[in-house]
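*Asks:* Mind folding the following:
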Amino acid sequence: MRRVLLWLCAAAPLAAQGPTEGVGTAARIGSVFDGYYFGSSYAFDHVVEWTVPVSLSHRLGPSLNVDLSSAYAHASAMTTSGTIEIAGPTDTDVRLSWAPVSGRLIVSVAGTLPTGKKAVDTSSVPLLSALATEVLNFTTTSFGTGGGVTGGFATAFAVGERWAAGVGGSYRWHARYTPVAGSGALEPGGEGRLRLGAEGPVGGRGRGYFRGAAVYATSGADTLSAGSRSASGPRFLIYSALSLPAGKSSLSLYVYDRYRLRPHGYDSTVVQVPRGNVLVLGARLERPVSPALSLAPNAEFRHELAGPATGRLALLGWVVRPGVDVRYRATAALTVLVQGQAAFGRLADGGGSSVSLVGPRAVVLLEWTR
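*Replies:* As a prediction, the model looks like this:
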């Protein structure tokens with residue numbers, strides 16, 4: 001239990017998870033398609049993205065793991081002015097995790113190598129803004145930065161006979177880079193995070209299982225070479241998941257809620273990132289069909305609000321995404337995961353109204369372990 005909770009509170013999580021218990025090496029490669037098609041009054045007719053994620057996890061010893069993850073992505077959007085495209089490799093994340101006290105303490109150092117685009121053309125900015133819209137939840141939201149380094153820790157301890165609690169913290173330093181070609185250099189502010197978590201059995205005979213975590217994050221102001229600055233307020237995040245038996249199946253329910261406050265301690269010369277709230281509700285029913293095959297129907301609801309420093313938050317959009325996952329263990333070493341989802345919802349058009357959206361998501365992922 002403590003080992004799971006340590007990773008729940010891990011200070012520098014990457015897309016690639018560490019090898020599972022008893023696994024020395026895990027390699028993953030796949031293809032992800034995200035697409036959205038909007039109503040006629042919106043600035044975009046459609047936005048689509050292909051991502052090829054690649055990750056490698058290797059256990060260097062009983063207490064030392066190394067994880068590497070990167071991707072290649074291609075995104076395009078059709079607007080009234082024509083097509084916008086951007087493509088290329090993303091940054092590469094490398095993480096080294098050391099567990100000096102097995103099951104109780106993890107120390108991690110993660111580096112982001114600037115293998116992606118350090119600068120993009122001005123014409124690509126509207127497309128990148130669409131990809132970063134959290135309610136749409138695109139797989140690849142950034143094609144590169146100047147890199148950075150994150151250091152952190154996570155520790156866990158028993159609470160009673162069957163529950164465990166954990167705490168983790170991290171600090172991330174971002175390197176300076178030029179995000180838009182021809183503009184000034186950007187020096188992002190550092191970011192600190194504190195995580196608290198708990199997990200344990202619930203219900204009669206402990207048949208259910210609960211995991212929850214709370215995160216507080218704060219960051220310094222971003223500075224452009226021209227002297228202008230922008231700042232984001234503190235963020236509070238709460239995540240909880242409940243697993244319950246359902247006959248031969250397993251039902252999982254989860255809630256994710258993140259609230260961004262207004263920045264404090266800055267004068268009017270600093271551009272302030274608006275307040276915001278992102279809420280995610282989800283359910284997943286996993287059922288084994290055979291020892292090698294399992295199906296998992298699922299559904300997710302995403303809802304995003306944003307607003308000025310004072311006053312009410314306004315709706316940016318909502319999305320409902322039903323789908324199904326198919327996991328097939330082809331051999332003792334190779335597992336194939338296929339996911340299919342369809343999104344339906346509405347998105348604010350900036351003029352006080354909203355437009356409809358629909359869009360598919362398709363994933364094929366191969367995982368090899370030894």
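*Asks:* Gln272: what's it in contact with?
*Replies:* Ser230, Ala231, Ser232, Gly233, Arg262, Pro263, Tyr266, Ala309 (CB atoms under 8 Å, 6 or more residues apart in numbering). From N, CA and C alone the C-beta is placed, and that goes for glycine too.
*Asks:* Show the backbone phi and psi for the last one.
*Replies:* When you say that, I think you mean Ala309. Main-chain dihedrals, Ala309, degrees, to the nearest 10: phi -60, psi -30.
*Asks:* Run through the stretch 1-150 of the chain and note the low-pLDDT ranges.
*Replies:* 1-23 (pLDDT under 70).
*Asks:* In it, what residue spans correspond to helices?
*Replies:* 2-8, 125-131 (DSSP state H, counting those that start in this stretch).
*Asks:* Can you give me the buried ones in the last one?
*Replies:* What that stands for is helix 125-131. Residues of helix 125-131 classed as buried by neighbour count (16 or more other CB atoms under 10 Å): Pro126, Leu127, Leu128, Ala130, Leu131.
*Asks:* Now tabulate these in JSON lines and tack on distance to Pro201.
*Replies:* Formatted as JSON lines, the buried residues of helix 125-131 follow (distance: CB to CB, whole Å):
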{"residue": "Pro126", "distance to Pro201": "49"}
{"residue": "Leu127", "distance to Pro201": "46"}
{"residue": "Leu128", "distance to Pro201": "44"}
{"residue": "Ala130", "distance to Pro201": "43"}
{"residue": "Leu131", "distance to Pro201": "40"}
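*Asks:* Identify, from these, the entry nearest to Glu49.
*Replies:* Nearest to Glu49 out of the buried residues of helix 125-131 is Leu131 (CB to CB; 6.8 Å).
*Asks:* ranges for the strands of the stretch 1-150 of the chain?
*Replies:* Per DSSP state E, counting those that start in this stretch, the stretch 1-150 of the chain carries strands over the ranges 25-38, 44-61, 64-79, 82-89, 92-101, 105-113, 148-159.
*Asks:* And the first one, what does it pack against?
*Replies:* Strand 25-38 sits against strand 44-61, strand 334-348, strand 354-369, with contacts defined as 3 or more CB pairs under 8 Å, 6 or more residues apart in numbering; DSSP states H and E.
*Asks:* so what's Gly197 closest to, chain neighbours aside?
*Replies:* Of all residues beyond its chain neighbours, the one nearest Gly197 is Ala213 (4.0 Å), with distances taken as CB to CB, 6 or more residues apart in numbering.
*Asks:* quick one, what contacts the one you found?
*Replies:* Contacts of Ala213 by CB under 8 Å, 6+ apart are Leu8, Cys9, Arg195, Leu196, Gly197, Ala198, Leu237, Ile238, Tyr239, Ser240.
*Asks:* Go again with 10 Å.
*Replies:* 5, 8-9, 166, 168, 195-199, 237-241, 256 (CB atoms under 10 Å, 6 or more residues apart in numbering).
*Asks:* next one: Arg275
*Replies:* Arg275 neighbours (CB under 10 Å, 6+ apart): 232-233, 259-263, 305-311, 313.
*Asks:* which one of these has the most neighbours?
*Replies:* For the contacts of Arg275, neighbours were counted using other CB atoms under 10 Å, and Ser232 has the most, 22 neighbours in all.
*Asks:* Surely that residue touches His264?
*Replies:* No - in this structure Ser232 lies outside contact range of His264 using CB atoms under 10 Å: 11.1 Å.
*Asks:* any residues in contact with both of these two?
*Replies:* Joint contacts of Ser232 and His264 (CB under 10 Å, 6+ apart) are Thr218, Gln272.
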